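Peer 1: any chance you can model this:
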Amino acid sequence: MVVGVLLVAIVLLLSGCRSESVSLDYQYEEGSELTYELVATARSSWDIAGRGEGSYRVTFDVTEVVESNDDDEAVITISLTPTDVVERGLPSPGNSPRSFTLRVGSNGEVLEVLAVDDVPAESLDPDQLVFIGTYRPPLALDPVTLRDTWRSSQEVQVGPVFQQVETLGTLEALDRDGRGEYARIDYSGDGPLSFTTTLPQGTAELTGSATTTTEATFDLDEGLLRSSDSTTEGTFEVRVVPALGGAPITGTLDFELNLDLDPRSVTG
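Peer 2: Have a look, this model is predicted:
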C-alpha cells in the first residue's frame, strides 16, 4: 500500500512538472550592461580555380548596453573587441574593434539594424552580418511547457547582404541550481544566405543556404543567457573578383561557423 501511494505521488508530481508553463523573456533594463566572451571558429573548403581550405579562430570581449526599452522592444549597442586572432589560410572578419546598434524584440528577435560604428546600417561591411543576431537565440512569444516547440522567422537586409532564417526552438529541460531557475533550449534553423567576404583569391560574393543548430541555457530569474553554442553550416555558389584584377572566377565553397558565448557579468 505504501509503495502504491508513493508511486501515485511520483506520477502526480511528474505530471505537474510537465504541465507547468513558463514565460521566456529577455529582460532589458535601460542602462544595464552585460559583458561576455564570444569565440568564433570557422572552417571552409572551396573549389575556385583549384581546391583549397582554411580556418580561423577569433576571441572577442563583448559589451552589451541597453540604450532604451519599452514593453515590446529595446535598443541595444554591442561592442566587440578581438583579443586573440588565429588565421590559417582563411581571413577572419574580426581583426579590429567594432560596434553595432540594434532594435530587438522581447524574445530576442532582431527587428532592425540601426548603425555600425555609429554609422548608419547601409554602410555595414557585409562580413559583419555573421555576428548580428546570433548571440540571442529567439525565445517563445507565449508561455511554454517541457518539450513544447515554437517557430520564429528573422530577416536581415543590409546593402547587398540578405539573411532569412526560420528557427524551431524546443524547451528541453527546466532545472534549478545555486544561481536560480534555468531552462535548457535547443534550436534548429535554416534559410537562404548571401554575403560578401574575403578569400585568398580576392573578394568573394557567396549565395546559398545555411543551417544552424544551437544549444542554449537561459536564466529564468535574470532573463539572460547563461551560455549559447551555435553551429552554422552552408554550401555556396561563389563569384570571386581577383585582388590583382582580371576576369571574375566562379566556384563552390563549404563553410562552417561555430559561436560559443560565455556571459561574464551584468551591471546596472
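Peer 1: number of residues surrounding the closest residue to residue 142 other than its chain neighbours?
Peer 2: Nearest non-adjacent residue to residue 142, counting by Cβ to Cβ, 6 or more residues apart in numbering: residue 150, 7.7 Å away. All C-beta spots, glycine's among them, are computed from the backbone N, C-alpha and C. By other Cβ atoms under 10 Å, the residues close to residue 150 number 19.
Peer 1: likewise residue 100?
Peer 2: As a burial measure, the neighbour count of residue 100 was computed by other Cβ under 10 Å and equals 21.
Peer 1: that one pairs with what?
Peer 2: Residues found in beta-bridge contact with residue 100 (criterion: DSSP bridges) are residue 78, residue 116.
Peer 1: you'd agree it is up against residue 78?
Peer 2: Yes. Judged on Cβ atoms under 8 Å, residue 100 makes contact with residue 78 at a distance of 5.8 Å.
Peer 1: hmm, back to that, you'd agree the residue nearest to residue 142 is up against residue 144?
Peer 2: Yes. With contact defined as Cβ under 8 Å, residue 150 counts as touching residue 144 (6.6 Å).
Peer 1: any idea where the helices of this protein begin and end?
Peer 2: Listed in chain order, the helices of the chain (DSSP state H) span 2-19.
Peer 1: would you map the strands across this structure?
Peer 2: Counting by DSSP state E, the chain has these strands, from start to end: 33-47, 51-69, 73-88, 98-105, 110-116, 119-120, 149-158, 161-177, 180-199, 202-219, 224-242, 249-267.
Peer 1: let's have those strands in JSON lines, adding distance to residue 22 and mean pLDDT.
Peer 2: Converted to JSON lines, the strands of the chain look like this (distance: least, Cβ to Cβ, whole Å; pLDDT from 0 to 100):
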{"stretch": "strand 33-47", "distance to residue 22": "22", "mean pLDDT": "92"}
{"stretch": "strand 51-69", "distance to residue 22": "21", "mean pLDDT": "93"}
{"stretch": "strand 73-88", "distance to residue 22": "21", "mean pLDDT": "92"}
{"stretch": "strand 98-105", "distance to residue 22": "18", "mean pLDDT": "86"}
{"stretch": "strand 110-116", "distance to residue 22": "23", "mean pLDDT": "81"}
{"stretch": "strand 119-120", "distance to residue 22": "38", "mean pLDDT": "68"}
{"stretch": "strand 149-158", "distance to residue 22": "13", "mean pLDDT": "71"}
{"stretch": "strand 161-177", "distance to residue 22": "7", "mean pLDDT": "81"}
{"stretch": "strand 180-199", "distance to residue 22": "7", "mean pLDDT": "84"}
{"stretch": "strand 202-219", "distance to residue 22": "10", "mean pLDDT": "88"}
{"stretch": "strand 224-242", "distance to residue 22": "15", "mean pLDDT": "90"}
{"stretch": "strand 249-267", "distance to residue 22": "20", "mean pLDDT": "85"}
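Peer 1: thank you kindly, that will do.
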